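A.B. asks: return atomic coordinates for the entry below.
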Amino acid sequence: MAKVVVLLKVLPAEADTDMEALKNKIEEAITRLGEGFSLQSYNIEPIAFGLKALRLTVLIPEEIEGGTYSLEETIKGIEGVSEVEVEFVSRLSQ
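C.D. replies: Sure thing, here's the model as predicted:
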């Protein structure tokens, strides 16, 4: 089963959001999507005026229909998430 790497930028709804707690909620939601979905890495990036963004590296199965749609919609549905932006998608070589 081939994998696809997805780089996401997630903006919180509030500037004072606990980014570690938000990351944990997102990671839990990603694992519930099923086998082959996993959060590989993340970092917290300052944007401006105290606002920070989560940059996530997520692996998803290549065979999933709709590409990154289910991943994006799952993250958008998490309380505290304002915006999800896909920055990069690539198939991993095996």
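A.B. asks: count of neighbours near residue 58?
C.D. replies: Neighbourhood size, residue 58 [other CB atoms under 10 Å]: 23. No exception for glycine: its C-beta is placed from N, CA and C like everyone else's.
A.B. asks: surely residue 7 touches residue 87?
C.D. replies: Yes. Contact criterion CB atoms under 8 Å: residue 7 and residue 87 qualify, at 4.6 Å.
A.B. asks: pull up the overlap in contacts between these two.
C.D. replies: residue 55 (CB atoms under 8 Å, 6 or more residues apart in numbering).
A.B. asks: which one's more surrounded, those two?
C.D. replies: More crowded of residue 7 and residue 87, by other CB under 10 Å: residue 7, with 16 against 10.
A.B. asks: against residue 15, how distant is that one?
C.D. replies: Look at residue 7 and residue 15: by CB to CB, to the nearest Å, they are 23 Å apart.
A.B. asks: which regions of this structure sit below the pLDDT cut-off?
C.D. replies: Along the chain, segments meeting pLDDT under 70 span 1, 94.
A.B. asks: what secondary structure does residue 27 sit in?
C.D. replies: Secondary structure, DSSP: H, G, I helix; E, B strand; the rest coil: residue 27 is helix.
A.B. asks: which ones are touching it?
C.D. replies: Residue 27 is in contact with residue 39, counting by CB under 8 Å, 6+ apart.
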